[in-house]
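In: Sequence first, predicted model second:
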Amino acid sequence: MKILISIPSPEYYRNYITSPALSEIIESCYFIVPKKMADKDFGVPKSRVAVYDYPADKEVLHKHLFHINTGKFESRSTSLKFRFMRLSKRSQVLYRILGLPVIYELTRFFILSRADDRRLFSVIKSIQPDVILMPSSGYEGITFEIIKTAKKQGVPTLMLVDNWDNLVSKTIFTYKPDFLSVWGPQAVKDAVEIHGIPKERIFPIGTPRFFNYFKNRSEYPSPYPFKYALFAGNSTGFDELSALKKLEEYIEKNNLDLKIVYRPHPMRQKRKCPDNFVESEFKHVVLDLQAKEYYNREKSKTPSDLPDLDYYPRALANMEFMICPLSTMLIECLLFDKPVFVLAYDDGIHFVNPKNLYKYCRHFEGIEYLRNLEIIHEFEDLTRVFTVDFSKKRMEKEIPLSYYLSEKTRHYPHHVKLLVEDINAKFKNNLRVGPQE
């Protein structure tokens, strides 16, 4: 069996190549990668690595279609509505016009005709794969071009949905993959309701990013010689410095034996407020050790610039608790049975603030029912992170963490192997009778 895997970005290289994600199928793997990543080690002979760059101008065409679809189908997800609201008013008007009946069909046909690249067809044809795997956020033009090409060649496709929010917040799939692997039951529901994928073609097997979190916790020595709470920043606009200063003041006033370790998001967006953390200006807040490698510098987007996944469990396993605006880090915290305080207040500066994220982002629905999680709705209540006693907290309703992240994560490589084998067998026996429509 030949398994072709598309790795179009450094993020996917880190998440799927440097992790054990493909360890049980690597002997059958071939890769299609951009030129900038051609020299990286994919664990297979170089002859199995096809170098291909999808043209940038064609990628832009797909982005326009993504925006059109986001506006046209925003009623399917509040997250899509929120994404569309973040575009300029002029862009919103343009994309809504292009999404109107008749105009939409003509626009879509024009874009996809121009976005087609025959070289991609030839590259895939030369490999003759039995199955194609695509780690994806659902927001790369090349991913959908591969799906289209695979359908023409009668090859089944499996999209490995990379992140928690990808199915609800990016766009509507331009072409549907034959199968999906997702984080958990919540994402299965989202794939059915938003993208119209049949439930029997969706598999909740988790994510390889958290595979190492299930090792023996004693293997993770603390990166710090003191007690600490981890403040995990988010990627979107938010005034994190004001929060850090308020926490600092409380620790000083109450003489707490605790420090705050500040970990800015590695892919953070530009802020509309003072945003330069200077450690010397704080007594009880320090910059995360790993963050010192990427904070306040330009990243070249190479795999070595992305945070090493092996560091995360050390920081998470040894903290007292976590403070974070709405992000995937809250899931990671709960995997270690640590309390997490989720900031969901309006900072009064950014439109994409935690309050609006909590209001609009569908994947956060129900998180208030997770054990060991407390939501901070007002800035004035921020110091409650030091006083809440979770042992005394009673909940009328509880949602298990496994609703958001499948417990199969701990055996992710094995489930990928079983899934690929099952898809290959079913397609050969029942479906692979020629090009798929």
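Out: Sure, I can see it.

In: wait, isn't Val49 in contact with Ala38?
Out: Yes. Val49 lies in contact with Ala38 (Cβ atoms under 8 Å); the separation is 6.8 Å. Quick note: C-beta positions are derived from backbone N, CA and C, even for glycine.

In: what about those two, which has more around it?
Out: Just comparing Val49 and Ala38: by other Cβ atoms under 10 Å the higher neighbour count belongs to Val49, 20 against 15.

In: Show the contacting residues for the more buried one.
Out: Tyr30, Phe31, Ile32, Val33, Ala38, Phe42 (Cβ atoms under 8 Å, 6 or more residues apart in numbering).

In: what's the most distant pair in those residues?
Out: Based on Cβ to Cβ, the longest span within the contacts of Val49 runs between Tyr30 and Ala38 and measures 13.9 Å.

In: What segments of the stretch 101-250 of the chain are helices?
Out: Using DSSP state H, counting those that start in this stretch, the helices of the stretch 101-250 of the chain run over 103-115, 118-127, 141-153, 166-169, 185-195, 240-254.

In: who's in contact with Phe231?
Out: Applying Cβ under 8 Å, 6+ apart to Phe231 gives the contacts Glu240, Ala243, Leu244, Leu247, Ile260, Val261, Tyr262, Arg263, Val285, Met322, Ile323, Cys324.

In: Could you rerun that using 10 Å?
Out: Listed by Cβ atoms under 10 Å, 6 or more residues apart in numbering, the contact set of Phe231 reads 240, 243-244, 247, 260-264, 285, 288, 319, 322-325, 329, 341, 343, 385.

In: Show the pLDDT at it.
Out: Phe231 is assigned a pLDDT of 98 by the prediction.

In: do Lys393 as well
Out: Per the predicted model, pLDDT is 76 at Lys393.

In: Give me the neighbour count for it.
Out: Neighbour number of Lys393 under other Cβ under 10 Å is 12.

In: Show me the common contact partners of Tyr30 and Ala38, please.
Out: Residues touching both Tyr30 and Ala38 (Cβ under 10 Å, 6+ apart) are Val49, Ala50.

In: circling back: so which of the contacts of Phe231 belong to strands?
Out: Using DSSP state E, Ile260, Val261, Tyr262, Arg263, Val285, Met322, Ile323, Cys324, Pro325, Phe341, Leu343 are the members of the contacts of Phe231 that sit in strands.

In: So the spatially closest residue to Val342 that is not a sequence neighbour, which state does it fall into?
Out: Nearest in space to Val342, with sequence neighbours left out and distances taken as Cβ to Cβ, 6 or more residues apart in numbering, is Ile375 at 4.9 Å. Three-state call for Ile375 (DSSP: H, G, I helix; E, B strand; the rest coil): strand.

In: Enumerate every residue touching Ile375.
Out: 326, 330, 340-345, 354, 358, 364, 367-368, 381.

In: Leu258: what's it in contact with?
Out: Here Leu258 is in contact with Phe226, Lys227, Tyr228, Ala229, Leu247, Tyr250, Ile251, His284, Glu320, Phe321, Phe386 (Cβ under 10 Å, 6+ apart).

In: any idea how far Tyr360 is from the last one?
Out: Right, Phe386. 30 Å (Cβ to Cβ, to the nearest Å).

In: does Tyr262 have beta-bridge partners, and which?
Out: Going by DSSP bridges, Tyr262 is paired in beta bridges with Phe231, Leu287.

In: Low-confidence ranges, the protein, go.
Out: Where the chain drops to pLDDT under 70, the residues are 297-305, 430-437.

In: Show me how it divides into domains.
Out: According to automatic domain parsing, the chain comprises the domains 3-54+117-207+407-431, 217-400.

In: For those, state which one has the densest average packing.
Out: Among the domains of the chain, domain 3-54+117-207+407-431 has the highest mean neighbour count (mean count of other Cβ atoms under 10 Å), at a mean of 20.

In: Off-centre distance for it?
Out: Offset of domain 3-54+117-207+407-431 from its chain centre (Cα atoms, centre = their mean, to the nearest Å): 15 Å.

In: same deal with stretch 104-112?
Out: 29 Å.

In: what's it in contact with?
Out: Under Cβ under 10 Å, 6+ apart, the answer for stretch 104-112 is 58, 60-65, 68-69, 72, 95, 97-100, 141, 144-145, 148, 174-175.

In: picking up where we left off before, could the contacts of Val49 go into a markdown table alongside secondary structure and distance to Leu160?
Out: As requested, those are exported to a markdown table (DSSP: H, G, I helix; E, B strand; the rest coil; distance: Cβ to Cβ, whole Å):
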| residue | secondary structure | distance to Leu160 |
| --- | --- | --- |
| Tyr30 | strand | 16 |
| Phe31 | strand | 14 |
| Ile32 | strand | 14 |
| Val33 | strand | 16 |
| Ala38 | coil | 22 |
| Phe42 | coil | 16 |
